[in-house]
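A.B. asks: next input, structure requested:
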Amino acid sequence: LRPKSGHMKIILPTAPTRPVTLNGGMETTAWADIYGLEADSAEDAKGWGLAFERAEELIKNEMNNGIPSNRIVLGGFSMGGAVALHTALRSKYQLGGVIALSTWLPLMNRFPGAVGERCPILMVHGTEDEIVRYSLGLRTNALLDSMNRDVSFVAVQGMGHTVSNGVIEECKKFIEGAVSR
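C.D. replies: The predicted model follows:
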């Protein structure tokens, strides 16, 4: 993912280990408990709040190290993408962008009044995603559109819950554009 514009630092935080209801209570790394991935599933507001706080802490650390917030791009796959979207919509910092792969916006019904600064968002979702359904990605995209967010949604025909070389290329282009503004 080396950008043409020079130096880039990638931070890959690992979620804490916790029981996840959707996985039969089995312990796994997860930013929040997941009760289900249906439109009407209950959600772990406390867990998502803690994930937001951790992401904000990482952003602030980078800013304290001299990185302007508008050169910080959040990104993630699946639950990591959910944390990235959730954080960008609540953050007080002007971020460079968000990459959200095969994901959804948690606590979606709480976001019409999101206060986070606007930043470009790249969402990529496979039409055959068997974990985070494509329809949930579309629903997230529709909400972001209704909030007048700068979102690009890329549907990858036939792709499941994975990342392809083409998706990596989309991410490279997005990062290059986001940090060169």
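
A.B. asks: measure stretch 157-167 end to end?
C.D. replies: In stretch 157-167, first residue to last residue: 12 Å (CA to CA, to the nearest Å).

A.B. asks: what comes up buried for it?
C.D. replies: 159, 161-163, 167 (16 or more other CB atoms under 10 Å). Glycine gets a C-beta too; all of them are placed from N, C-alpha and C.

A.B. asks: packing partners of the helix or strand bottoming out on mean pLDDT in the chain?
C.D. replies: When each helix and strand of the chain is scored by mean pLDDT, DSSP states H and E, helix 165-179 comes last, with a mean of 91. The elements that helix 165-179 packs onto, with contact taken as 3 or more CB pairs under 8 Å, 6 or more residues apart in numbering; DSSP states H and E, are strand 73-77, strand 97-101, strand 121-126, strand 151-156.

A.B. asks: quick one, the last one and strand 121-126 angle?
C.D. replies: Looking back up the chat, that one is strand 151-156. Counting by axes from the mean of the first three to the mean of the last three CA atoms, to 10 degrees, strand 151-156 lies at 20 degrees to strand 121-126.

A.B. asks: parallel or antiparallel, list what pairs with strand 151-156.
C.D. replies: strand 121-126 (parallel) (DSSP bridges).

A.B. asks: give me the mean pLDDT for the strand it pairs with.
C.D. replies: What strand 121-126 shows for mean pLDDT is 97.

A.B. asks: oh, and call the first residue 7 from now on, that's how I've got it
C.D. replies: Renumbered: residue one is now 7, and that last one reads strand 127-132.

A.B. asks: C-terminal to that strand, what's the next element?
C.D. replies: Toward the C-terminus, strand 127-132 is succeeded by helix 140-152 as the next helix or strand (DSSP states H and E).

A.B. asks: what's in contact with that next one?
C.D. replies: Helix 140-152 has contacts (CB atoms under 8 Å, 6 or more residues apart in numbering) with 43, 45, 91, 106, 108-111, 114, 117-118, 127, 129, 131-135, 157, 159, 161.

A.B. asks: can you give me the neighbour number for residue 30?
C.D. replies: 7 (other CB atoms under 10 Å).

A.B. asks: same thing with residue 28?
C.D. replies: That count, for residue 28 with other CB under 10 Å as the rule, works out to 15.

A.B. asks: tell me the SS of it?
C.D. replies: helix (DSSP: H, G, I helix; E, B strand; the rest coil).

A.B. asks: still on that earlier bit, can you put the buried residues of stretch 163-173 in CSV and add distance to residue 69 and secondary structure?
C.D. replies: Below are these laid out as CSV (distance: CB to CB, whole Å; DSSP: H, G, I helix; E, B strand; the rest coil):
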residue, distance to residue 69, secondary structure
165, 35, coil
167, 33, coil
168, 33, coil
169, 28, coil
173, 28, helix
